[in-house]
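>>> Sequence isn't available, so here's the structure alone:
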């Protein structure tokens with residue numbers, strides 16, 4: 001996979017912007033991490049180091065938070081992140097078949113990123129829209145009542 005890693009100046013600017021926006025307080029850690037993750041596409045070690053320095057929070061705590069929340073990533077992700085809900089409500093209405101269609105169409109497994117850096121495929125435990133399962137989220141776009149045959153059309157929207 002070809003990924004352009006952000007330079008130190010870009011990392012520092014993203015962290016500074018997030019900290020300035022939310023304040024240099026530990027209570028704002030998740031919004032800060034989320035903003036930096038959104039700006040850089042992931043949370044590189046240099047960003048965690050900078051946040052640790054500005055918020056006086058141990059790097060181990062930052063990594064723990066960053067690795068706990070599925071919306072955050074400590075490794076580069078594709079331009080389009082696809083989240084698939086693997087909760088029981090989605091599963092019982094055909095989620096497994098939709099998941100298999102996604103993996104087949106993208107030739108990816110869970111937590112993989114495509115060689116061209118276009119797609120990252122992740123599972124989440126719940127997206128909060130159980131009434132319209134199975135659910136797939138591409139970037140910020142939510143697709144409900146997805147059938148395996150819908151996958152090619154959904155993916156084509158991002159070409």
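That came through fine. Not measured: the values here are computed from a predicted model.

>>> all contacts plus neighbour counts: C-alpha atoms, from now on.
OK.

>>> hang on, residue 75 packs against residue 47?
No: applying CA atoms under 8 Å as the test, residue 75 and residue 47 come out as separate, 11.9 Å apart.

>>> Between these two, which has more neighbouring residues?
When neighbours are counted by other CA atoms under 10 Å, residue 75 and residue 47 differ, and residue 47 comes out ahead with 25 against 12.

>>> sec struct for residue 120, please.
The assignment at residue 120 comes out as strand when based on DSSP: H, G, I helix; E, B strand; the rest coil.

>>> That one touches residue 81, doesn't it?
Yes: the criterion here is CA under 8 Å, and residue 120 meets it with residue 81 at 4.8 Å.

>>> More neighbours: which of those two?
Here residue 120 and residue 81 are set side by side on neighbour count (other CA under 10 Å), and the busier one is residue 120, at 23 against 20.

>>> quick one, phi psi at the residue nearest the centre of the chain?
What sits nearest the mean C-alpha location of the chain, by CA atoms, centre = their mean, is residue 71, with 4.3 Å. Backbone torsions of residue 71, given as degrees, to the nearest 10, read phi -70, psi -10.

>>> Report how many residues lie close to the residue lying closest to residue 105 once chain neighbours are set aside.
Spatial nearest neighbour of residue 105, excluding adjacent residues (CA to CA, 6 or more residues apart in numbering): residue 152 at 7.1 Å. One way to gauge burial is a neighbour count; for residue 152, by other CA under 10 Å, it gives 13.

>>> Residue 100 too?
Each residue near residue 100 was counted by other CA under 10 Å, and the total is 15.

>>> Over to residue 73?
Residues lying near residue 73 (other CA under 10 Å) number 20.

>>> I'd like the distance between it and residue 63.
In this structure, residue 73 and residue 63 are separated by 10 Å, where distance is defined by CA to CA, to the nearest Å.

>>> Mind splitting the chain into its structural domains?
Listed domain ranges for the chain are 8-68, 80-156 (source: automatic domain parsing).
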